[in-house]
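Chemist: next comes the sequence, and after it the predicted model I'd like to discuss.
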There are 2 protein chains.
Amino acid sequence: MQIAILGGGLIGASWAALFLAHGHSAHVADPNPAAPDYVRDFIRKAWPHLAQLTPDLPDVAPLERLSFTQDIATACAGAEFVQECGPDRIGPKQQIVALAETTLAPDVLIASSTSSLMASDIQAQARHPGRILVAHPMNPPHLVPLVELVAGQKTDTDALIRAEAFYQSLDRVTIRVQKERPGHLANRLTSALYREAVNIVAEGIASVADVDRAIAYGPGMRWALMGPHLIYHLGGGPGGYRHYLDHLGPTQEARWKDLGEPKLTPELVAQLVQGLESEIAGIDPDDLETSRDRALVALAKLKQGLPF
Amino acid sequence: MQIAILGGGLIGASWAALFLAHGHSAHVADPNPAAPDYVRDFIRKAWPHLAQLTPDLPDVAPLERLSFTQDIATACAGAEFVQECGPDRIGPKQQIVALAETTLAPDVLIASSTSSLMASDIQAQARHPGRILVAHPMNPPHLVPLVELVAGQKTDTDALIRAEAFYQSLDRVTIRVQKERPGHLANRLTSALYREAVNIVAEGIASVADVDRAIAYGPGMRWALMGPHLIYHLGGGPGGYRHYLDHLGPTQEARWKDLGEPKLTPELVAQLVQGLESEIAGIDPDDLETSRDRALVALAKLKQGLPF
């Protein structure tokens, strides 16, 4: 399939790597003259990781299936799918859609990677708004399988179904967000956890480093395998989730009452930054990122064999 | 070392397996006559998992280093460390401590596995309160490395330091919780995430199954490797956490405002249970648990090589 990627930054490059790994061609539009080198370099580095997760990949990234332009309309001419990865502001998004529609066939989907905007706003001035939806990945999309699909008020149901089939054909895990809300779904959950992670430091309950270690060597290990509902279902023993909620629901509610509502004042920001600096003192910054990516690949591979 | 484990339920059995794997002997006290069979069976099943995580383990669990009694004082006679795993109510806890102190040498630590009680309350009536602290694991303790240490008002600093050294010698990751608060630290974070996971269902934003998949195929994969502060530090690019907070702090605060405060009404509980049942329809219940444990072992092994 010929896919137009509108925006050749971090997210666009990662999508490009994934699309190539699944046999598609990608035409990347980006006004930045440095984008082609950046995207090619990203894909070369990502390829060995993708090779561990995708059957029968060639040893070398098929960069001949990748092309570049500075012009959105050119990238969309002949495209069979559009992954929009432009600046996350509504003005540029609507402009990108308008330019894309000048050359795009009317039934081709436009999926926006936006993390903060609503599909209804992105499609508001479109000529064919029914084919526009949000398909928000977690960074980096070629390693983290989740894609959140959100329809706008004018999105066709059929567009949602087609997008779902497309991402699933790329071994992505899709979910449907039923209402347009800030943070879609995953980032709402992330923000809920983060608020208390900040509050714990603000209240002096623990250090930044201890909060991070508590997650990564505690509940985070379970969350990599199962979501909170399923975890508590198993925590409920033979009586399952019903037993858990009947017996430990009140404990949860008591804890909810004690959670904090911190404000990111300059003083708290300084404290968080200082805490983080202590945490990473002595770790090679490059090692942080390369170890994370290596571990993420191993984890994604591990999850391929799970029944849930 | 000779360790007394007071309570032979799920947590006590898992601690016993860990202690044996690290060369210690365990004397388990539990009034339930079924406890010895339960604990032995648990350890036999856990042993192959421990063997993947611990160097040079014998093929067969050294059950000869495990003994049982129904009497707390008997278990504590000659013990060099006490891991308390009794019922999570303050009355029984104080009673267990009182019985333990009848035979225990005065400088031996008593570490409580409590998930909900305060060390200050557990030690309130003790003869030697300075050696009493909370050492709360995540379930199951032999696979999830986190141990949260919390001192009570009367706990000696030295007791905290000795407990830290002990758990670290078992390859546990210890953190210090500086204030006694409901949920210690990890379960506060878990509850914060869970509140929004419930709210999203209550508000009709997504199904129970989609919430769980969003976590397990999205942010949960990152949380298995790093905590939220470090994740956002890397998300801040070359400018790190400071850059992240300066530029995306306001987005976080905006999302915090939109998070919900659900109540676990009978109707919502019914909706959650029904959603969970749809999620697990068609998965063999045994497969859920065995796959989770297998994956948790693989994940723990994977994490052993990380620099953070």
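Modeler: Nice, thanks for sending it over.

Chemist: can you show me the strands along the stretch 101-250 of chain A?
Modeler: Taking DSSP state E, counting those that start in this stretch as the test, the strands found in the stretch 101-250 of chain A are A:110-112, A:132-137, A:146-151, A:173-177.

Chemist: the residue of the stretch 1-150 of chain A found nearest chain B: neighbouring residues, count only.
Modeler: For the stretch 1-150 of chain A and chain B, the shortest gap (CB to the nearest CB) falls at A:Leu146, measuring 3.5 Å. Where you see a C-beta, it was placed from the backbone N, CA and C, and this is true even at glycine. For A:Leu146, the count of nearby residues is 24 (other CB atoms under 10 Å in any protein chain shown).

Chemist: gap between it and A:Ala186?
Modeler: Separation of A:Leu146 from A:Ala186 (CB to CB, to the nearest Å) stands at 6 Å.

Chemist: what's the overlap in contacts for these two?
Modeler: Taking CB atoms under 8 Å, 6 or more residues apart in numbering or on different chains as the contact rule, A:Leu146 and A:Ala186 both touch A:Met138, B:Ala214, B:Gly218.

Chemist: which residue would you name as the spatial centre of chain A?
Modeler: Residue closest to the mean C-alpha point of chain A, counted by CA atoms, centre = their mean, is A:Met138 at 1.4 Å.

Chemist: my read: it touches A:Val173, true?
Modeler: No - using CB atoms under 8 Å, A:Met138 is not in contact with A:Val173, being 10.2 Å away.

Chemist: identify the contacts common to the two.
Modeler: With CB under 8 Å, 6+ apart as the test, A:Met138 and A:Val173 both reach A:Leu146.

Chemist: can you show me the helices along the stretch 1-150 of chain A?
Modeler: Ranges of helices in the stretch 1-150 of chain A, per DSSP state H, counting those that start in this stretch, are A:10-21, A:35-53, A:72-76, A:90-101, A:119-122.

Chemist: one step back: measure how buried the nearest residue to the residue nearest to the centre of chain A once chain neighbours are set aside is and give me the count.
Modeler: Counting by CB to CB, 6 or more residues apart in numbering or on different chains, A:Met138 lies nearest to A:Val144, which is 4.1 Å off, once chain neighbours are set aside. By the measure other CB under 10 Å, the count of residues near A:Val144 is 23.

Chemist: can I get the strands of the stretch 101-250 of chain A in TSV including mean pLDDT?
Modeler: What follows is the strands of the stretch 101-250 of chain A, written out as TSV (pLDDT from 0 to 100):
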stretch	mean pLDDT
strand A:110-112	98
strand A:132-137	98
strand A:146-151	98
strand A:173-177	98
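
Chemist: any idea which of those gets closest to B:Gly239?
Modeler: Closest approach to B:Gly239 among those is made by strand A:132-137 (22.8 Å; CB to CB).

Chemist: convert the C-alpha atoms of that closest one to PDB, please.
Modeler: Extracted C-alpha coordinates of strand A:132-137, given in PDB (Å, rounded to 0.1, in the frame of the first residue of the first chain):
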ATOM      1  CA  ILE A 132     -10.900  11.800   9.200                       C
ATOM      2  CA  LEU A 133     -10.200  10.300  12.600                       C
ATOM      3  CA  VAL A 134      -7.600  10.200  15.400                       C
ATOM      4  CA  ALA A 135      -5.300   7.300  15.500                       C
ATOM      5  CA  HIS A 136      -3.000   8.100  18.400                       C
ATOM      6  CA  PRO A 137       0.000   5.900  19.100                       C
END
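
Chemist: the inter-axis angle of that strand versus helix A:90-101?
Modeler: Between strand A:132-137 and helix A:90-101, the angle formed by their directions is 110 degrees, by axes from the mean of the first three to the mean of the last three CA atoms, to 10 degrees.

Chemist: next, the angle strand A:173-177 makes with strand A:132-137.
Modeler: Between strand A:132-137 and strand A:173-177, the angle comes out at 130 degrees (the same axes, to 10 degrees).

Chemist: strands paired with strand A:132-137, and their directions?
Modeler: Paired strands of strand A:132-137, with direction, are strand A:110-112 (parallel), strand A:146-151 (antiparallel) (DSSP bridges).
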